[in-house]
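K.L.:
what shape does this take:
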Amino acid sequence: MRHRPVISIRAYGASPGSGSWQIGDAYADTGTDFTVFQKQLAGLLGVTSFVYQMQHRWKGHAYAVRFARLDLELSVGGPAAKWPAFVGFTEAPIPYDCLLGQTGFFEFFDATFHHQALELMLKPNGLFKTVGGIETP
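P.N.:
As a prediction, this is how the structure comes out:
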């Protein structure tokens with residue numbers, strides 16, 4: 001059995017009144033370049049315009065990734081951390097609702113994995129302090 005750092009985050013649509021969506025299985029993957037959501041979440045979040053598009057490969061197949069700006073929020077036993085992020089939406093059959101990657105997620109946090117305890121510790125970093133909704137210690 002492999003344990004993976006799967007966390008819950010909330011994504012907010014880019015436009016006022018577009019609502020939010022709780023994503024219960026977001027996989028925190030330091031090896032992923034971009035934060036990527038399954039394409040159907042764009043519709044649930046009211047995302048209709050995208051700022052950039054690129055191709056990526058998933059298990060040997062090419063898929064388009066379309067990027068939009070969202071607000072993401074992490075709340076685990078303390079004050080909520082909220083920040084603006086560019087995230088991609090893809091039709092690739094990723095096994096989670098979201099892959100939390102370097103751009104859009106880990107760029108704002110210092111991460112420490114405690115393998116034996118099966119824990120992922122996240123600490124908002126200096127970049128988060130300039131854009132996020134809480135102060136870093």
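K.L.:
point to the residue nearest the middle of the protein.
P.N.:
residue 100 (4.0 Å; Cα atoms, centre = their mean).
K.L.:
quick one: contacts of stretch 64-75?
P.N.:
7, 9-14, 20, 34-36, 42, 45, 47, 49-56, 80-91, 104-105, 122, 133 (Cβ atoms under 8 Å, 6 or more residues apart in numbering). All C-beta atoms are positioned from the backbone trio N, CA, C, and that covers glycine.
K.L.:
how about stretch 120-134?
P.N.:
5, 7, 28, 73-74, 79-84, 107-114, 135-136.
K.L.:
and those residues, which of them are buried?
P.N.:
5, 7, 28, 73-74, 81-83, 108-109 (16 or more other Cβ atoms under 10 Å).
K.L.:
and those residues, which two are furthest apart?
P.N.:
5 and 82 (20.0 Å; Cβ to Cβ).
K.L.:
hmm, back to that, list buried residues within the contacts of stretch 64-75.
P.N.:
Counted by 16+ other Cβ under 10 Å, these give 7, 9-14, 20, 34-36, 42, 45, 47, 50, 81-83, 85, 87-90, 104-105, 122 as buried.
K.L.:
identify the bridge partners of residue 58.
P.N.:
residue 61 (DSSP bridges).
K.L.:
if we can go back for a sec, restricted to helices, list the contacts of stretch 120-134.
P.N.:
Using DSSP state H, no member of the contacts of stretch 120-134 falls within helices.
K.L.:
got a list of what the nearest residue to residue 100 once chain neighbours are set aside touches?
P.N.:
Spatial nearest neighbour of residue 100, chain neighbours left out: residue 28 (4.6 Å); criterion: Cβ to Cβ, 6 or more residues apart in numbering. Contact analysis of residue 28 by Cβ under 8 Å, 6+ apart lists 5-7, 100, 105-106, 111, 120.
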